[in-house]
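**Q** sequence and computational prediction follow.
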Amino acid sequence: MLELIWLLPTFPLLGFLALVLTGGRLPKRIAGPIGAGSIGLSFAVAALVASEFLNSGLEHFTYEAWVWMSVGGFNPGFTFYLDGLSMVMMLIITGVGFLIHLYATGYMSDDPSFARFFSYMNLFVSAMLMLVLGDNLVLLYLGWEGVGLCSYLLIGFWYTNPANGYAARKAFVVTRVGDTSMAIGLFLLFAQLGTLNIQEMLHAAEMQWSLGSGFAVAASLLLLGGAVGKSAQLPLQTWLPDAMAGPTPISALIHAATMVTAGVYLIARTHPLFEMAPSVQLLVALIGLITLLLSGFTAMTQSDIKRILAYSTVSQIGYMFLGLGVGAWSAAIFHLMTHAFFKALLFLASGTVILSLHHEQNIFKMGGLRNALPVSFFSFLIGSLALTAFPYTSGYFSKDEILLGALELEGVGFWFWLGGVVGAFFTGIYTFRLFFIVFFGDSQAEHPPEKEVGGWHMNGPLILLMILALAGGFIHVPLDAVFNHGEAHDEHNVSGLIHGIMIAVPLLGIAVSYLFFMSKTFSVDMLMAGALAKRLHAFWFGGWGFDTLYNAVLVSPFLFLARVNRKDIVDSFYALIVSVSQAANALIVKSQTGSLRWYALTVAGGLVVMVSLGAVL
Amino acid sequence: MTIRIADLLLILPVLVLTGTAVLAMSAIAVGRNYRVTAFITAAGLLIAALSAVTLMPKTNQQVTPLLIVDPYTLFFTAVICLSAMFIAVLSYPYLEGLDDDREEYFLLLGVATVGAVVLVSSNHFVSALLGLETLSMSLYGMVAYTVHSQKPDKYPLEASVKYLVLSAAASGFLLFGMALVYGQTGTLAFASLTDMSESSLGSGFSVVGLLLIIAGLAFKLSLVPFHMWTPDVYEGAPLPAATYLATIGKAAVFVVLLRFVEISEALSLTGILAVLSFLAVLSILAGNLLALLQQNVKRLLAYSSIAHMGYLLIAVVASFYTEGRVGIEAISFYLVAYIIMSLGAFGVTSMVSRSDCERDTIDDYRGLFWRQPLLAAMFTAMMLSLAGIPLTVGFIGKFYLFFAGVEAALWPLLASLIVGSGIGLYYYLRIIYRMLEPADSSDQSTMSPQLSSGSYGVVLCLSLLLLGLGIYPAPVIDLIEAISTYV
Amino acid sequence: METIPVEHGFILAGILFCLGLIGVLTRRNVVFVLMSLEIMLNASGLAFIVAAARWEHAEGQVMFLMILTLAAAEVAVGLGLIIQMFRQFQTVDINVLSEMKG
Amino acid sequence: MILVALIAVLFVGGLACWLSERFNPSLPRVIALLTVLLDFALMFSLLDAEGTSTWVAVFEAPWISRFGISFYLAADGLSVLLLMLTAFLGAVAIGAAWDEVQERSGFFYFNLLWTLAGVVGVFTALDLFLFFFFWEVMLIPMYLIIAIWGHENKNYAAMKFFIFTQVTGMMMLVSILVLAYFHYLQLGSLSFNYHDLLNVSLTGEMGMWVMLGFFISFSTKLPSMPFHSWLPDAHSQAPTAGSVILAGVLLKTGAYGLIRFAVPLFPEASMAFAPVAMTLAAVSILYCAKVAFAQDDIKRLIAYTSVSHMGFVTLGIYAWNEQALQGAVMTMLAHGLSAAALFMLAGGLQHRIHTRNMPDMGGFWPKVPKMTAVAIFFSVAALGMPGLGNFIGEFLALIGAFQANVTLTIVAAFGLILASVYSLWVLQKVFQGEYNNRGFDDSHLTDLSRREMFYFAAMMIGLVWMGLYPQIFLSMSEPVLAQLLSESAQTMVTSLEGGL
C-alpha cells in the first residue's frame, strides 16, 4: 500500500505529458479534467498512503524506484522518503493544489492557452512532490529546480507583455542565486560526509562534526542561502512581489501555499545540521524577524491587491523562519500548513475579485464589493482573520506556537517574541486595510463588477478553504517523530499576560486600520503630510529600495561589462597578430623593387654581412 | 689516370643524356620537327632514368676524381631525369603555339639535365662547377626562350638578364670561395677542412671560403638575403622554364650543397652553423611573409619555394647534431616531396597556360572547382601538400623535418618552422578558396582551355604519387634510409 | 728565390674581386656590368693560380682555363641578350629592366 | 577489423555521395543517411564485444616501420560512447542539411562523411602519429563545408578555423615527436604506440613543455580560454549541419584528447598544471557566459555558450577523480545533443527568415509554438536543469572538482547563474514579447516540419534518458576512467619513489 507513493509524482507528470504531447490542442473540456484530475488522483493516493502510514506506526518509510546514478560512492537514487514531515507537505501540496487546480479550471476558462497552463501546473506539482519526498538532496535539488522552472514559466505565462517576461526571469535568476549556494552546500556535504542521502548525511554529520564546527556552519549557511532564495527571505526577497505577474491561481499555489515554503521545508528537513551550528540557527531567526517586519511595513503601503498579499506572504514566511530559528520546528511547519490554507484562500478570493473587475488590481479602484461578491467577501473575511491570528482561527494557533517558542529561548528570545508581536500588529493593519478598502466604502471601479464569477468549481474550493482556514488549527500535525528532541512547549507554561498581549495586539491592529480606512476617523493623508513621511512612504513602497540597490550593484555593472566587451577582447589579440603580419608583408614587399642593381646590392650586402658574421662567430 | 669501360657504364645516365642532346641537335639539323624533337628528348630522359634505376642496387664507386656514382647519386639522377621528362611533356603544349623556332628548347632542356645530373654526382669542385654552369647556362636560354616572340606574354628578356647577371655574380662568389678553400686544402675534391687548421694559412681564409661557397649556392637556392631575383625570374620566364628552375634547379644544387657540407664537415665550425641557421629562419619568415598577399601564382610559388628551402636548411643544421642520418633522410625525402608538389603545382598552371597567354593570377582560378573538378582537386591537393597537411606527401616530409629538428633539439628553428607554416596556410588556402568560389560567366571563356592529355596524365600521376606517398610512404622511406648512408 | 706569400696573392685577388663587384653595383650600362662580371670571375681565376702556386699543382691552372671558358660562355649569352634588349628598348640602360616588382 | 570498417564505410560512402550526384541531385543525402545509419548499426556490435582488457576490437597493422609507426586502432567504453554520439549527430546533421543544402549536395555530403570519418579515426586511433593524422584529416572537409556552404563571412571564418587548429596541431606534433624520441632514448626504440609511450617518463620542465604542446592543441579544439575565438566565427558562418558537427562532435575530440592523452601521458606535469587549467576553465565558464549574453547574433551566442559549457569539461578533467571525469564525459555527451539542437534551431530560424540578428526578432511563440516548445526544452537543458543530461554532467563535474579545488569550483558554480541569465534572455528575445518583425520576410516563418520534429524528439529523448537514467552511460565509461586513474596514480607513485 505504501509502495503506491511512487504514484504521487507520477500522476501529475502523466497529466503534463498528456497535455504537452498533444501540443496544447486539447479542448478545454478534456484538458481541464486531465489537469485537475491528475492532482485529484494523487491527492487520493496521498490520503491513502498517509492513513496507511499513520496506522502502520512506522517512524518512516522509504521506497526506491531506481538508482539514479552511481559514481564512485556517489549514488543518489530516485528514492522517496516518507515521514511525518513529508507526509504533511505532500498532503498540503496535493490537497490545496487540487483545490487550486479546480478553481483554475474556472478562472482560466476563457484563456486561449488553457491546456498549456495546466501542463505547467501539473509539472509543478510533480516537481514539488519530488522535492518533499526525495530522500537525498540531489533528488530534492531536482524538485527544487523543477519548481523554479515551472514558477518561471507560469509567471511569464502571458508572455506577450515583456514586463511579465522580466518578472519571470527575475524570479528565476534570483532564486538561482540561492540554488547555486545550495548546490555548493551539497558539494561541501558530499566532500566532507561522502553521501547526500539526507538521513545518512545527518547521521554522519552528528558523528563527525562537533557542535558549531566550521563545516557545520558553512554547510548550514549554504543551505540557508538556498532557502532564503526560494522562500523570498532577506536578502533575496525581491522577486516575489514581481512574481504576482502570473495568473492568480499561480500566486495562490506556487507563491503562497507551496513553493515559497520549500525553504522552510529544507531547513526543517536538515534541522540537525542547523542545531549543530547555533550561530546560523540564530541567523535564521534574525532573517525571519527582519523580513517579517520589513515586508509588513511594505505591505501597508502597497496599492496592488496581489502585491499586498505577496508582501504578507513574505512576512508570514518570516514567521516560519523565526520559528525555525528558535527551534520551534513543528510550530514552523504547522504555520506553513495553516498559512497554505488561508493564504491560498485569500489569493483565490482576490482572484475572483480581480476577474469580476476585468483584471483590475488596484485596491483604490475597487470598494464596496461586499454585496456584489458575497463569497469573496466571506472568504476574505475569514482569510484575513486567520492571517491576523484572530483567536481560534487556524493562524492563531500556529503563530502562537511560534511566538511562544521564541519566548522559550533564553536571552534574545524575548526580543524575538516582541518583534513577532509587533509584526502581528502590522499584519492586522495591512490585512484589514485591504479588506475595508476593497469591500466597504463606495465603489471606485470604472465599470460595475460582474456578479459572482465562476461556477461551483471556483466557489467550491473557496468554501472548502474557508473551512480549513477556520478549523485548520485543530489539525494535529504528527511531527514529534521527526523533531523528536524535546519540543519545549507541549503545554505552555507562560503567564496569562503574554497570552493576553498576543491576542490583543492583532485586534489592536485591526482597530487601527478600522479607524483609518473604515470610519475614516484619521486619514492617511494626515500622516503623509510631511515630506519625510512621503519619502518614507516611497521608500517602503519600493520595498526598502532593495531592487534599486541590486540594480546599482549587480545588474548594471554586468550589463555594462557585457556591452563594452561585446566584441570579445581576446579576439582582438588575434586580430592584432593578423594586422602585424600584414604590415610586415607590406613592408617587406617594398624591397622587391624590380631594379636589378638594387638586387645586386642586396646580394653583395648580404654576402658582406654573412661573411663578417660567420668569421666573427 | 684513364677511364675504363666499366666507368663509362657507370656514368651511363650522363652519357644517355648527352647522346639525347646530340641526337636532338642533329635531328633539328636534318629537319625541324617539333614533335620528333620533343619525343627524342622525352624518350632519352626516360631511358636515362631507367638506366639509373637499374644501376642503383649494387653501385658505389668513384668514377674519375670528379664523379661519385653511388645509390644516392643514382636515386636523384632518376628523380631528376623523370621530372625533366615530365617537364618536357608539360612544355610540349605550352610552346606549340610559339611564333618562333621551338625545337631548341628541348635541346636546352636536355643539356640542363646533364648539368643537373653531373651536379648530383659530383664530390669535386671541378665537376660541381661544370654541372652548375651547364645547368645555369641552359637555364638562361630557357628563361629567355620566348624572347624573340612577337607577343611574349611576359618579360623573358628582363627575367633572363636579371638571372644572368646575378647568377654570374654568384658563380663568382662560388669560384672565389673554392679558390680559398683550395688554397687551404690543396685539393679540389671535397675534403674535410677541420683537420687543416695547423697548416700555414689561417683558418680564417677557409671559413671565408666556405662562406663564399655557401653564399653562391644559397643564391642558386634563393635563400634570403639572396632571394630577390626569384620572383621576377619565375614570373618573367615561360612556365616550363620556371618549373625547371623551381624543381630540378633547386634539388640538384641542394644535393651538392648537402654533399659538400657533409664531407667538408663545415658544420663543425660554429660560424657556418650559425649562418646556416640564420639563413633558414630568415628564408622561412621572409618567404612566407612575401607570399602572404601575393596575387600572382608564379610569384607566390617563387616566394613559397624560398620558404621551403628554408625548411630544408633546418634539416641540414640538424644533420650536424643527430647521430644517425635522420637529417640527411629528412632532406632527401623532403626534396622528393618538394619536387612532386611544386612540379604538380606548376604543372597545373602550365596546363591552363600557353606561351602567348599565361594564367598566372589567382583570379584566373576563380571557380575552377566547378568547371574542372578533377584539375582543381589536384591543384588543391598540391596546395595542401605544400602547406603540409596529412594525406599528402608534403605532410610526411614536414613530419620528417620536425623529427630531425626535435632530435637535434633545435627549438628556435622549429618555432620558426611552425610560425612559417602558419603564415603559409593563409596564402595556400587563399588559392583554394578562390577555386571554390562560384564562377561567374565572364571567367567561363578564360578558363576552359583544351587540356592536352599528356600534361593531364603527368599531373594526374604526380597527384597519385602525392597521395600515395602521403598515405603509405614506407617503401620510399626505407629506400631513402638505405641510400642516405652513402652521403 | 723570393716567392710572393700566398696571402698577398689572395688579397690582390680579393681586391680585384671587390672592384668587379662594385662595378656590377654601380654601372648602369649593361655592357659594363658584363665586363665587371668578367673581372670578378678572373679575380677568382687569379686566386686559383695563387693557390695552385702554393701547392705547386696543375689543377689550379686547369681550373683557371675552365673559368675562362665559363666567362666566355656567360658573355656570349649576355651579349645576345643585350642585343635583344637594344632592339626592344633602343638603350642598354639596365634600369629599363624593372617591369616586374612586388 | 570492425573499426577499420567503421572508417572505411564513411570514406566510401562519401565518395559514393559525390559520384551519385550526377545521376540524381537528391540521391546523395539518401546515401549519406544510409551510410551513417550503417555505421551506427556497426557500432552496436562493439557493445557486446567483450575484450579481455577494457580494449575491444583492436586492429593493428605495420605502417611506417622506420619510425615504429603502426596503423593501430582500438576502442574502449569511452571511445564507443563518443563514436555513437558521432554517428547519431552525423545522422542529425544530415537531417539538418536535408533541405538547406541544395546546390552541390553531393560534394557537401562527401565532406560531411569524411569529417565524420576523421572523427571516428580520432576516437579510435591509439598510435599517436595515426591520431594526429586523423586529427588533421578532419579539418580539410570541415574547412570546405564552411568555405563553400557558409554564410556572408565564410572565407574569414573558415580560414580562422583552419589556421587555429592547424598551428596548434603542429605544436602537438612537436610534442608527439619529442615523446617518441624520448621513448627511443629511454627504451631504445622509436614508437608512437600509446601503450609504449605511457611508459616514457618525461619529468621536470621538459615534461611541462611537451604536455603544454598537447594541452594547447586540445584546448584550442575544445575550445577553452584564451584559444576560443575561432569558434564563434566558425559557428556563425557554418551551415547548420556544419555547426551541428562542429559543436556536437569536433569539440569533443579536444576533450577526448585531454582525457586520453594529455593527462595520462604526463601525470605529473598535468597535476602540476591542473590549477592553471582549472582556472582557465573557470574563467572560460564565466567570461564566455558573459560575452554570450552580449551577442546579438544568435549563433554567436550559442557558440559562446558552448565554450562556457566546455569549461565544465576541462574543470572535470583536471580535477581527475571519478566523479569529475564522469561528469566531463556526461557533459560531452549531453552538450553534444543540446548544443547541436540549439544550432539546428538557430539554423532553422535563419533558413526561415534569413537573419540571425536577435534584435530583429521577437514574439515568435504564437507563430511557431512547436519550435518554441523545443527551444524552451533545450535552453532549459543548457542551463542545467536536473532531470536532463547536462545537469548530470555539470553536477558530477562540479562535485568532483570541489574535492580537488574548492575555490575554483565555487567560482565555476556561478556559471550556473549566468547560464540561466543568457538562456532565458534568448527565449525572451526570440519567442516572447510582442510579435516583432524588423525588416525580414516572415512569409516562410513556418513551424517545425514533421522531419525536424522527429530529429528534435530523438535528441530530447536522449537528453531525458541521460538525465533520468545516466547509469547506462556511466557504466560504459566507468572501467576506462577507473583504469586511467589507477595508471596515473601508479606513475605518480613510481616517479615519487624515483625522486626519493
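**A** Received the coordinates, thanks.
**Q** against residue A:563, how distant is the residue in the stretch 51-200 of chain B positioned nearest to chain A?
**A** Chain A sits closest to residue B:162 of the stretch 51-200 of chain B, with a gap of 5.2 Å, by Cβ to the nearest Cβ. C-beta: built from backbone N, CA, C; applies to glycine. Residue B:162 sits 57 Å away from residue A:563, going by Cβ to Cβ, to the nearest Å.
**Q** doesn't residue B:234 make contact with the residue of the stretch 51-200 of chain B closest to chain A?
**A** No. The criterion here is Cβ atoms under 8 Å, and residue B:162 misses it with residue B:234 at 11.0 Å.
**Q** ok, these two, which is more surrounded?
**A** residue B:234 (31 against 27; other Cβ atoms under 10 Å in any protein chain shown).
**Q** quick one: contacts for the more buried one?
**A** With contact taken as Cβ atoms under 8 Å, 6 or more residues apart in numbering or on different chains, residue B:234 is in contact with B:159, B:242, B:245, B:246, B:298, B:299, B:301, B:302.
**Q** redo that, cut-off 6 Å
**A** Each residue near residue B:234 by Cβ atoms under 6 Å, 6 or more residues apart in numbering or on different chains is listed here: B:242, B:298, B:302.
**Q** and the longest helix for chain C?
**A** Scanning chain C for the helix with the most residues, using DSSP state H, yields helix C:59-89.
**Q** tell me what that helix is packed against?
**A** In terms of contacts (3 or more Cβ pairs under 6 Å, 6 or more residues apart in numbering or on different chains; DSSP states H and E), helix C:59-89 is packed against helix B:125-143, helix B:156-185, helix C:30-55.
**Q** what's the offset of the last one from the middle of its chain?
**A** Between the mean C-alpha point of helix C:30-55 and the mean C-alpha point of its chain there is a distance of 6 Å (Cα atoms, centre = their mean, to the nearest Å).
**Q** neighbours of residue A:598, how many?
**A** Using other Cβ under 10 Å, residue A:598 has 17 other residues around it.
**Q** from residue C:93, how far off is it?
**A** 15 Å.
**Q** same question for residue B:349.
**A** From residue B:349 across to residue C:93, the span is 33 Å (Cβ to Cβ).
**Q** with neighbour numbers in mind, choose between those two.
**A** Each of residue B:349 and residue C:93 has its neighbours counted (other Cβ under 10 Å); residue B:349 has more, 23 against 11.
**Q** may I see the buried residues of the host helix or strand of that one?
**A** If you go by DSSP states H and E, residue B:349 is part of helix B:326-351. For helix B:326-351, the neighbour count (16 or more other Cβ atoms under 10 Å in any protein chain shown) marks B:326-351 as buried.
**Q** cool, and stretch D:456-464?
**A** For stretch D:456-464, burial by neighbour count (16+ other Cβ under 10 Å) applies to D:456, D:459, D:460, D:462, D:463.
**Q** pLDDT of whichever strand or helix holds the last one, averaged?
**A** Under DSSP H and E, the secondary-structure element containing residue D:463 is helix D:450-468. Across helix D:450-468, pLDDT averages out at 90.
**Q** need the contact list for the residue of the stretch 51-200 of chain B closest to chain A.
**A** A:596, B:229, B:232.
**Q** narrow the residues you listed to those in strands?
**A** Among the contacts of residue B:162, no member is found in strands (DSSP state E).
**Q** tell me how many other residues crowd the residue in the stretch 501-617 of chain A that chain C sits nearest to.
**A** Residue of the stretch 501-617 of chain A nearest chain C, by Cβ to the nearest Cβ: residue A:594 (3.2 Å). Residue A:594: 19 surrounding residues under other Cβ under 10 Å.
**Q** helix, strand, or coil at it?
**A** Classification of residue A:594 by DSSP: H, G, I helix; E, B strand; the rest coil places it in coil.
**Q** so it sits right up against residue C:102, yeah?
**A** No. Using Cβ atoms under 6 Å as the test, residue A:594 is too far from residue C:102 to be in contact (7.7 Å).
**Q** separation between the residue of chain C found nearest chain A and residue B:231?
**A** Nearest residue of chain C to chain A (Cβ to the nearest Cβ) works out as residue C:101 at 3.2 Å. Distance of residue C:101 to residue B:231, computed by Cβ to Cβ: 9 Å.
**Q** who has more neighbours out of these two?
**A** Of the pair residue C:101 and residue B:231, residue B:231 is the one with more neighbours under other Cβ under 10 Å, namely 28 against 16.
**Q** for the residue nearest the centre of chain D, what are its contacts?
**A** Nearest to the geometric centre of chain D sits residue D:252, at 2.2 Å (Cα atoms, centre = their mean). Contacts for residue D:252 (Cβ under 6 Å, 6+ apart) come out as residue D:332.
**Q** remind me which helix or strand it belongs to.
**A** Assigned by DSSP H and E, residue D:252 belongs to helix D:251-257.
**Q** list the buried residues in that helix.
**A** Buried residues in helix D:251-257, defined by neighbour count with 16+ other Cβ under 10 Å: D:251, D:252, D:253, D:254, D:255, D:256, D:257.
**Q** tell me the phi and psi of residue 27?
**A** Here I'm looking at chain A. Main-chain torsions, residue A:27, degrees, to the nearest 10: phi -70, psi 160.
**Q** could you count how many residues lie near residue 60?
**A** Picking chain A for this. 16.
**Q** try chain C instead
**A** 23.
**Q** the nearest residue to it once chain neighbours are set aside and residue A:602, how far apart?
**A** Take residue C:60 and drop its neighbours on the chain: the residue closest to it by Cβ to Cβ, 6 or more residues apart in numbering or on different chains is residue C:52, 2.1 Å away. As defined by Cβ to Cβ, residue C:52 lies at a distance of 33 Å from residue A:602.
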